[in-house]
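In: Sharing a model prediction with you, sequence too.
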Amino acid sequence: MKRTIELIKKFNTLVGPSGYEDEVREEIKKFVLKLGIKSITESPLGSLIIKVGTGKKKVMLAGHMDEIGVLCTYIDKDGFIRFSPVGGVSKYGLIGTRVKFINGVKGIIGAESLKKPDDFVLEKLYIDIGARSTKEAEKLVPIGTFGVFDREVDVLGTRVAAKAHDDRIGCIVMMEVLEKVYKKKLPYTVYFVFTTQEEVGLRGAKVAAYDLEPDFGIALDVTATGDTLDGYKMAVKLGAGVAIKVKDSSLITHPKLKDLLVKTAEKNKIKFQLEILDRGGTDAGAIHLTKSGIPSTVLSIPTRYVHSQSEMIDLDDVKATEDLLEKLITTSDLGNLKF
Ligand SMILES: [Zn+2]
């Protein structure tokens, strides 16, 4: 658990908006090379693909390296930066938020005067980087510069708040499982794919799946919870185990695959819950529509305040997710499914 916290801290200091995942990719690469694994490739769109095992059937795992963020689109005469959201940025809670651009420049989100609730639109917000003029701001943050939210990690008992659990925690689950299984004789060829541009439309996973033609796809990603006061009604709770995806906006898990996941969790006494997410999708949505269709699912890490700068997870759920993923790729049940 200490190790997981260290990884969470390290990976949430990295800047990786969609399309600019370089810092994250380099850090994962370092981790993999340290294990002595040589079969690493990079796709033209930036996904990192690590191949282990030699089994006939192919399993593609996907965790996305990118995070939501901002893009500098225009600079006012006073040096205030106007921005577009990158991915599903919620306008609520943005005022006073710290931003870090990919070149290291930092800023704070401010707002024009907001007189009535209808005024609260992204167009009225700006990023203040301390510049006094357009020229000064342009030098520091040229138009087209991407950035992310900047927030420290807080450990609250078994719970951890961070700015980009979505989806660094999915990447960390994959890294920790990779470390456990890479020396074992696996019944499959498993591709650990760290994908790009998920937050803007599952793009890295889409092209990687086309290239790899896997027999199965499993995404590792966060999901919402329904366990806060008077909150959204959803049967997923923080701390109640790995969430097995039944359905979201992009995917319905094939019933045979869903049943196998439930059986595997039960047999191995891994805490799990079933997840139906009304809005939102993951890389599995792109993977399963490749060619003639690839049975796919998601092992989700329950997360409160998704897409805020303080996403909260429970470390017990992370452990349960790792346990179920490890079982799935080290035993032959998955490969025995017939579709
Ligand atoms: Zn995600």
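Out: Arrived safely. Numbers count the residues shown, from 1 in each chain.
In: Phi, psi for the most centrally placed residue in the chain please.
Out: The centroid of the chain falls nearest to Asp167 when counting by CA atoms, centre = their mean (1.8 Å). Backbone dihedrals for Asp167, given as degrees, to the nearest 10, come out at phi -130, psi 30.
In: My understanding was that it contacts His64; is that so?
Out: Yes: using CB atoms under 8 Å, Asp167 makes contact with His64 at a distance of 4.5 Å. Just so you know, the C-beta spots here come from the backbone N, C-alpha and C atoms, and that holds for glycine as well.
In: which residues are common contacts for those two?
Out: Applying CB atoms under 8 Å, 6 or more residues apart in numbering, one finds that Asp167 and His64 are jointly contacted by 198, 221.
In: Give me the buried positions along stretch 25-45.
Out: Buried positions in stretch 25-45, judged by neighbour count with 16 or more other CB atoms under 10 Å: 25, 27-28, 31-32, 37, 43, 45.
In: Equivalent analysis for stretch 165-181, please.
Out: So stretch 165-181, judged by 16+ other CB under 10 Å, has buried residues 165-178, 181.
In: Averaged pLDDT, it. What do you get?
Out: The average pLDDT for stretch 165-181 rounds to 98.
In: For that stretch, list the C-alpha coordinates in CSV.
Out: As requested, the backbone C-alpha atoms of stretch 165-181 are provided in CSV (Å, rounded to 0.1, in the frame of the first residue of the first chain):
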residue,chain,number,x,y,z
HIS,A,165,-6.7,9.5,-10.5
ASP,A,166,-8.6,9.5,-13.8
ASP,A,167,-6.7,7.7,-15.1
ARG,A,168,-3.3,7.5,-13.4
ILE,A,169,-4.8,5.1,-10.9
GLY,A,170,-5.7,2.8,-13.9
CYS,A,171,-2.2,3.1,-15.1
ILE,A,172,-0.8,2.3,-11.7
VAL,A,173,-3.0,-0.8,-11.4
MET,A,174,-1.6,-2.0,-14.7
MET,A,175,2.0,-1.3,-13.7
GLU,A,176,1.7,-3.1,-10.4
VAL,A,177,0.0,-6.1,-12.0
LEU,A,178,2.6,-6.1,-14.8
GLU,A,179,5.3,-6.3,-12.1
LYS,A,180,3.6,-9.3,-10.5
VAL,A,181,3.0,-11.3,-13.7
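In: tell me the mean pLDDT for stretch 205-217?
Out: On average, the pLDDT along stretch 205-217 is 96.
In: Could you list the residues in contact with that stretch?
Out: Counting by CB under 8 Å, 6+ apart, 43-45, 47, 49, 57-60, 62, 64, 191, 193, 195, 198, 219, 257, 283-284, 286-288, 290-291, 294-297, 334-335 sit against stretch 205-217.
In: In helices only, show me the residues you listed.
Out: Helix and strand membership here follows DSSP state H; of the contacts of stretch 205-217, those in helices are 257, 283-284, 286-287, 334-335.
In: among these, which are in reach of the ion?
Out: When the ones in helices among the contacts of stretch 205-217 are filtered against the ion using CB under 5 Å from the ion, no residues are retained.
In: returning to that earlier point: what's the closest of the buried residues of stretch 165-181 to Asn268?
Out: For Asn268, the closest of the buried residues of stretch 165-181 turns out to be Val177, at 14.2 Å, with distances computed as CB to CB.
In: and that closest one, what does it touch?
Out: With contacts defined as CB under 8 Å, 6+ apart, the neighbours of Val177 are 322, 325-326, 329.
In: Please work out how many residues are found near Ala235.
Out: Ala235 has 14 neighbours, counted by other CB atoms under 10 Å.
In: now do Thr228
Out: Quick note: Thr228 (other CB under 10 Å) scores 12 neighbours.
In: Reformat the buried residues of stretch 25-45 as TSV; add pLDDT.
Out: Listed next are those as TSV, based on pLDDT from 0 to 100:
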residue	pLDDT
Arg25	98
Glu27	98
Ile28	98
Phe31	97
Val32	97
Ile37	95
Ser43	94
Leu45	95
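In: If any of the contacts of stretch 205-217 are buried, give me the ChimeraX selection for them.
Out: To isolate in ChimeraX the members of these that are buried, counting by 16+ other CB under 10 Å, one can use:
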select :43,45,47,49,57,58,59,60,62,64,191,193,195,198,219,257,283,284,286,287,288,290,294,295,296,297,334,335
